[in-house]
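Engineer: whatever this is, show me its structure:
(one chain, ligands or ions: 2)
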Amino acid sequence: MAEPQRVVAAPVLWQEPPPTLRPAASESRWQRVVVLVLRPLWSLRVEIAVVLVLGLMWAAVASDLGVSWTAVFAVGCTSLGARSAGLRRWVRGVFHRARLRRQWMVAVRYAGLATINDRVPKAVSIRAVAAGDEVRVRVPAGSNVSLVAERAETIAAFLEVQDVRVARDRDNARWATVSVVRCDPLSGQEAVAWPWVDAGQLSLWEAVPVGITESGELATVVLPGHSMAIGGEPGGGKSNAESVIVATAALDPSVRLWLLDGKEGVEFAQWRGCAHRFVTSDLDEAIAVLGEARDEMEARYRYLLDTGKRKVEREDGLGLELVVVDELAVYLAAERKESKEFAWLLRDLVARGRAAGVIVVAATQKPSADVVPTSLRDLMGYRWAFRCSTPQASDTILGQGWASQGWSATAVDAADRGVGYLLHEGGRPVHVKACYLSDSDLASIACRAEALRRGSVLRVVDPLEASS
Ligand SMILES: Nc1ncnc2c1ncn2[C@@H]1O[C@H](COP(=O)(O)OP(=O)(O)OP(=O)(O)O)[C@@H](O)[C@H]1O
Ligand SMILES: [Mg+2]
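Structural biologist: Ligands and ions are numbered 1, 2, ... in the order given. A predicted model of the protein is given here:
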């Protein structure tokens with residue numbers, strides 16, 4: 001096809017034309033037929049097929065009943081069909097997909113994604129999702145998914161949608177899933193109740209519900225073996241998200257809570273009675289507590305060595321250790337050598353805690369490399385970015401490159417507290433609104449958790465002592 005070589009179809013009179021370096025390609029008659037006739041016809045195939053089928057049906061019925069009775073019959077059938085919501089939705093879906101497929105083909109062409117032999121990334125299938133549409137795209141030979149991702153903004157502008165996100169298939173580089181985002185279903189939503197708000201006793205070994213996704217499903221996290229980094233602007237909902245995890249841990253009497261609250265203890269005040277260690281912004285005390293947690297981790301490693309196991313499991317009877325740090329920057333941003341020691345201890349807990357049943361959850365309102373260095377972030381299995389002011393801040397939490405692919409927490413509206421992107425290692429960020437725990441919910445859960453912890457004799461037979 002000669003199309004990609006065309007220079008300027010109609011030069012604009014009042015602008016200096018740029019020097020033409022390539023001669024305008026001369027198209028053959030066949031090429032013109034393809035570009036001007038066959039291609040538009042093919043892109044309108046669904047509509048043409050519908051008109052043809054209806055026309056044939058009209059002709060068949062009209063030959064028996066005559067035109068007037070056929071018109072009456074057609075009106076009757078249409079009004080009957082229009083009554084069925086399912087049928088209406090199906091018809092709308094068929095035309096919507098046909099239109100989007102057509103728009104996609106033009107959008108990728110305008111975005112300069114046609115290959116040298118004039119093939120474009122093809123929308124193979126389209127599925128409606130709560131935020132818009134999910135398109136399975138196959139890139140042509142000679143192209144790749146990264147090129148489509150690079151032009152996502154141009155495609156989004158052509159389609160006049162909020163965002164276009166491109167995720168390459170893990171198994172097949174030829175395929176991508178493209179999310180065409182038209183609205184944010186989580187925006188303006190009421191607070192989401194935590195499903196376990198009235199639970200008597202829980203287990204941190206289970207998947208913990210932490211929020212709802214765009215499609216209304218529960219978003220869960222499985223914490224044993226994974227740590228979590230949380231970041232976002234002040235008021236984004238970080239402490240509330242941490243509270244959901246701490247609440248689960250508090251209602252599991254086998255879990256020991258190590259709480260470090262850089263905000264002078266106000267965020268975790270409710271959990272003081274359940275905490276094994278509770279630290280405010282005192283850096284020296286925080287280092288001592290992390291050191292103690294590290295000793296516990298070492299003891300667990302000795303237990304694993306003695307018993308010939310590779311990781312702590314539920315059946316071992318060793319509870320999990322949950323270390324939660326709210327406002328990392330308070331401990332890490334100080335220009336003191338103690339901050340380095342704190343950073344080293346935290347990194348060690350995250351790196352080696354996985355097998356020993358030590359989980360670290362750390363939050364910061366300053367998602368920058370000095371607070372969450374890549375070396376620490378990359379060890380965290382879960383990353384949760386609430387609203388961020390820059391794509392760099394969002395990437396500091398989620399990982400390099402997600403913002404440019406369309407997953408940026410800058411897109412979250414400042415009014416939408418608790419909305420963010422939750423990423424599990426190896427997956428794609430999921431748009432989530434966190435479950436909300438009000439002060440009274442927290443007070444009631446903390447009260448139950450304290451009673452539970454008082455009632456249960458913790459670590460009756462401590463496997464660590466038994467093995468030594
Ligand atoms: N999931 C949620 N649903 C509804 N409202 C929420 C949610 N999360 C937080 N909020 C609201 O936002 C306010 C701030 O939340 P939170 O204290 O968790 O933010 P933060 O990110 O920890 O802020 P800071 O950085 O200042 O500590 C809460 O008081 C609450 O009113
Ligand atoms: Mg907070």
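
Engineer: who are the neighbours in contact with residue 65?
Structural biologist: residue 73 (Cβ atoms under 8 Å, 6 or more residues apart in numbering). For the C-beta atoms, the positions are set from N, CA and C on the backbone; glycine is no exception.

Engineer: measure it to residue 163 for me?
Structural biologist: Applying Cβ to Cβ, to the nearest Å, the value for residue 65 to residue 163 is 51 Å.

Engineer: repeat that for residue 131.
Structural biologist: As judged by Cβ to Cβ, residue 131 and residue 163 stand 9 Å apart.

Engineer: doesn't residue 453 fall inside a strand?
Structural biologist: No: using DSSP: H, G, I helix; E, B strand; the rest coil, the secondary structure at residue 453 is helix, not a strand.

Engineer: let me know whether it touches residue 253 as I believe.
Structural biologist: Yes: under the criterion of Cβ atoms under 8 Å, residue 453 makes contact with residue 253 at 5.0 Å.

Engineer: run a quick neighbour tally on whichever residue of the stretch 51-200 of the chain sits closest to ligand 2.
Structural biologist: Ligand 2 sits closest to residue 191 of the stretch 51-200 of the chain, with a gap of 16.5 Å, by Cβ to the ion. Neighbour count of residue 191, defined by other Cβ atoms under 10 Å: 14.

Engineer: got the contact list for whichever residue of the chain sits closest to ligand 2?
Structural biologist: Per Cβ to the ion, the residue of the chain with the smallest distance to ligand 2 is residue 239, at 3.2 Å. Applying Cβ under 8 Å, 6+ apart to residue 239 gives the contacts 267, 326, 363.

Engineer: still on that earlier bit, now the phi/psi pair for the residue of the stretch 51-200 of the chain closest to ligand 2, please.
Structural biologist: phi -60, psi 140 (degrees, to the nearest 10).

Engineer: quick one, phi psi at the residue nearest to it when sequence neighbours are not counted?
Structural biologist: Spatial nearest neighbour of residue 191, excluding adjacent residues (Cβ to Cβ, 6 or more residues apart in numbering): residue 436 at 3.9 Å. Torsion angles at residue 436 (phi, psi; degrees, to the nearest 10) stand at phi -110, psi 130.

Engineer: shaky segments in the stretch 351-468 of the chain?
Structural biologist: Within the stretch 351-468 of the chain, the stretches with pLDDT under 70 are 456-468.

Engineer: need the helices for it, in chain order.
Structural biologist: Along the stretch 351-468 of the chain, counting by DSSP state H, counting those that start in this stretch, helices occupy 374-377, 391-398, 439-455, 463-467.

Engineer: send me the longest one as CSV with only the CA atoms.
Structural biologist: Okay, so that is helix 439-455. The C-alpha coordinates for helix 439-455 follow below in CSV (Å, rounded to 0.1, in the frame of the first residue of the first chain):
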residue,chain,number,x,y,z
ASP,A,439,-13.2,5.5,64.4
SER,A,440,-16.1,3.6,66.1
ASP,A,441,-15.4,0.5,63.9
LEU,A,442,-11.7,0.7,65.0
ALA,A,443,-12.6,1.1,68.7
SER,A,444,-15.0,-1.8,68.6
ILE,A,445,-12.5,-4.1,66.7
ALA,A,446,-9.7,-3.1,69.0
CYS,A,447,-11.8,-3.8,72.1
ARG,A,448,-12.7,-7.3,70.7
ALA,A,449,-9.1,-7.9,69.8
GLU,A,450,-7.8,-7.0,73.2
ALA,A,451,-10.4,-9.3,74.9
LEU,A,452,-9.4,-12.1,72.5
ARG,A,453,-5.7,-11.6,73.2
ARG,A,454,-6.3,-11.5,77.0
GLY,A,455,-8.4,-14.7,76.7
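
Engineer: show me how far it is from its chain's centre.
Structural biologist: 32 Å (Cα atoms, centre = their mean, to the nearest Å).

Engineer: go on, the second one?
Structural biologist: In terms of Cα atoms, centre = their mean, the gap separating the centre of helix 391-398 from the centre of its chain is 13 Å.

Engineer: low-confidence regions, the stretch 201-350 of the chain specifically.
Structural biologist: 334.

Engineer: mind running it again at 90?
Structural biologist: The model of the stretch 201-350 of the chain has pLDDT under 90 over residues 214-217, 262-267, 281-282, 307-319, 327, 329-340.

Engineer: hey, where'd the helices end up in it?
Structural biologist: Counting by DSSP H, counting those that start in this stretch, the helices of the stretch 201-350 of the chain are 238-250, 283-307, 328-332, 337-356.

Engineer: just send the ones you listed back as TSV, with distance to residue 139 too.
Structural biologist: Listed next are those as TSV, based on distance: least, Cβ to Cβ, whole Å:
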stretch	distance to residue 139
helix 238-250	37
helix 283-307	46
helix 328-332	40
helix 337-356	37
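
Engineer: could you count how many residues lie near the residue of the stretch 301-450 of the chain at minimum distance from ligand 1?
Structural biologist: Here the residue of the stretch 301-450 of the chain nearest ligand 1 is residue 418; by Cβ to the nearest ligand atom that distance is 2.2 Å. Counted with other Cβ under 10 Å, residues neighbouring residue 418 total 22.

Engineer: can you report how many residues lie near the closest residue in space to residue 255 that isn't next to it in sequence?
Structural biologist: Take residue 255 and drop its neighbours on the chain: the residue closest to it by Cβ to Cβ, 6+ apart is residue 249, 4.4 Å away. As a burial measure, residue 249 scores 30 neighbours (other Cβ under 10 Å).

Engineer: and residue 249, how far from residue 234?
Structural biologist: Residue 249 sits 25 Å away from residue 234, going by Cβ to Cβ.

Engineer: over to residue 161?
Structural biologist: 30 Å.

Engineer: cool, and residue 426?
Structural biologist: Taking Cβ to Cβ, one finds residue 426 at 30 Å from residue 234.

Engineer: what does this structure have sitting close to ligand 2?
Structural biologist: Taking Cβ under 5 Å from the ion as the test, the list of the chain residues beside ligand 2 reads 238, 239.

Engineer: now do 8 Å
Structural biologist: Neighbours of ligand 2 within the chain, by Cβ under 8 Å from the ion: 234, 238, 239, 240, 242, 263, 267, 326, 327, 363, 365.

Engineer: pull out the buried members of those.
Structural biologist: Among the residues of the chain next to ligand 2, those buried by neighbour count (16 or more other Cβ atoms under 10 Å) are 238, 239, 240, 242, 267, 326, 327, 363, 365.
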